[in-house]
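Visitor: I would like the atomic coordinates for the input below:
(chains A and B)
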Amino acid sequence: MKTLKIFLIVFLSIGFSQLKSNEKNDEFKNRILKNIRCLICQGQSVYDSESDFASSIKLIVDKKIIEELSEEQIYEFLREKYGDWIIYDPKLNKNTYILWLLPLLLFLLGGAIIYKKISKKKNEQ
Amino acid sequence: MKNKLNSIIIFIFLSFCFVVFYKGLNNSNIYTPKINDEKNIPIFKAKDFNSNINIESEKIFEENTYYIVNIWASWCVPCRKEHPLLMELSKNQSVKLIGLNYRDNLNNAKNFIIELGNPYSQILIDNDGTLGVEFGAYGVPETFLIDKNKKIIKKFIGQINQEIVDEIKSIIK
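Guide: Numbers count the residues shown, from 1 in each chain, chains lettered A, B, ... in the order given. The predicted model follows:
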């Protein structure tokens, strides 16, 4: 009876840990799929799309995860095949630097204007 | 003076926004991957259409030969339309045609080849579309021209036409 209990505890704990690791893998896979653009039904991610292209990409991502490629390596593989457009999160390069730097410049400019106005008001007081 | 400077800054900023949005409006919002970038052929294993035996890509593509990889399926209407042009290309001795049968029913694919002729020196099976992804394809039909150094030098998205055939012929001659 005691052996049976121990066996059950070990069996269930292995089962639960397996379930948790599967959940983690699914989360990782879904995060990647949500960041890949479906080139057939543009505007949808591969995660949301049911197209043939999307299902092939899902299989490829599965394969690459099994091959233990990192998230960035999977994106790099897809970028090499289809270009930057396939990833929703664009990389900083000569085509995207305005996209990345403009909000920062506007933020700094806005900050400078506000700072100037506040210091001017203080001086007036 | 200060007001003038502010107006100039606002004017420059608005003009910049106008140019960016105007350019954006003129761009096509349908993305097609770049087609003239040279790429190495992928390394893969695939099943042969006739023998069902797994073959490695190194054994398919030899150096010093031009190859055309054509992705096709029996259910694809443009593939049927471009098939006579592939038959014409297959008569050329300086190029070998490799077919990639994409997400197809094997019997239907075999009937397609019997009915329209076989332009391919080898046909590979791509049941789940992953082999197509390795080539950077996203639909069917697509055609790739591979040079003597095993590099993909041209990619033709969609049905090929006589103009494309002439272009391929001028490259491989």
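Visitor: Outline the domain layout of chain B.
Guide: B:1-30, B:39-172 (automatic domain parsing).
Visitor: Quick check: B:Leu25 vs chain A, distance?
Guide: Distance of B:Leu25 to chain A, given as Cβ to the nearest Cβ, to the nearest Å: 17 Å. No exception for glycine: its C-beta is placed from N, CA and C like everyone else's.
Visitor: what residues are up against the residue in chain B that chain A sits nearest to?
Guide: The minimum distance from chain B to chain A, using Cβ to the nearest Cβ, falls at B:Gly129 (3.2 Å). By Cβ atoms under 8 Å, 6 or more residues apart in numbering or on different chains, B:Gly129 lies in contact with A:52-53, A:55-56, A:59, B:102-103.
Visitor: what about 6 Å?
Guide: A:52, A:56, B:103 (Cβ atoms under 6 Å, 6 or more residues apart in numbering or on different chains).
Visitor: Please apply the same query to A:Trp100.
Guide: Contacts for A:Trp100 were tallied using Cβ under 6 Å, 6+ apart; they are A:Leu92.
Visitor: Sort out which residues of the helix or strand where it lies are buried, please.
Guide: Assigned by DSSP states H and E, A:Trp100 belongs to helix A:97-124. Within helix A:97-124, no residue is scored as buried using 16 or more other Cβ atoms under 10 Å in any protein chain shown.
Visitor: What lies in contact with stretch B:133-149?
Guide: A:39, A:53, A:56, A:60, A:81, B:41-42, B:44, B:64, B:67-73, B:76, B:78-79, B:102, B:152-157, B:159-160, B:168.
Visitor: what's the closest non-adjacent residue to B:Asn50?
Guide: Once flanking residues are discounted, B:Asn50 sits nearest to B:Ile123: 7.0 Å by Cβ to Cβ, 6 or more residues apart in numbering or on different chains.
Visitor: Who wins on neighbours among the contacts of B:Gly129?
Guide: Counting neighbours by other Cβ atoms under 10 Å in any protein chain shown, A:Ser56 leads the contacts of B:Gly129 with 23 neighbours.
Visitor: pretty sure that one is touching B:Thr130, no?
Guide: Yes - look at A:Ser56 against B:Thr130 with Cβ atoms under 6 Å: they come within range, at 5.5 Å.
Visitor: how about the helices in chain A?
Guide: When secondary structure is read from DSSP state H, chain A shows helices at A:2-34, A:52-66, A:71-82, A:97-124.
Visitor: Would you tell me which of those helices gets closest to B:Ile12?
Guide: helix A:97-124 (12.6 Å; Cβ to Cβ).
Visitor: model confidence over that closest one, on average?
Guide: The average pLDDT for helix A:97-124 rounds to 89.
Visitor: ok, now stretch A:9-23?
Guide: For stretch A:9-23, mean pLDDT is 66.
Visitor: related to what we said a few turns ago, is there a quick ChimeraX command that grabs whichever of the contacts of stretch B:133-149 are buried?
Guide: In ChimeraX, this line selects whichever of the contacts of stretch B:133-149 come out buried by 16+ other Cβ under 10 Å:
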select /A:39,53,56,60,81 /B:41,44,67,68,69,70,71,72,73,76,79,102,152,153,154,155,156,159,160,168
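Visitor: follow-up on the earlier one: out of the contacts of B:Gly129, which is nearest to A:Ile32?
Guide: Among the contacts of B:Gly129, A:Ser56 lies closest to A:Ile32 (Cβ to Cβ), at 14.6 Å.
Visitor: could you list every residue that touches that closest one?
Guide: A:Ser56 is in contact with B:129-130, B:133, counting by Cβ under 6 Å, 6+ apart.
Visitor: will you turn those residues into a markdown table that also has pLDDT and distance to A:Phe7?
Guide: Below are the contacts of A:Ser56 laid out as a markdown table (pLDDT from 0 to 100; distance: Cβ to Cβ, whole Å):
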| residue | pLDDT | distance to A:Phe7 |
| --- | --- | --- |
| B:Gly129 | 93 | 44 |
| B:Thr130 | 93 | 41 |
| B:Val133 | 93 | 45 |
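Visitor: tell me which residues of stretch A:39-47 are tucked away?
Guide: Under the neighbour-count criterion of 16+ other Cβ under 10 Å, stretch A:39-47 has A:39, A:45-47 buried.
Visitor: Dump those to CSV, plus distance to B:Ser94.
Guide: Compiled in CSV, the buried residues of stretch A:39-47 are given as follows (distance: Cβ to Cβ, whole Å):
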residue, distance to B:Ser94
A:Leu39, 33
A:Ser45, 43
A:Val46, 39
A:Tyr47, 44
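Visitor: Tell me the one of the residues you listed nearest A:Asn123?
Guide: Checking the buried residues of stretch A:39-47 against A:Asn123 with Cβ to Cβ, the nearest one is A:Ser45 at 52.2 Å.
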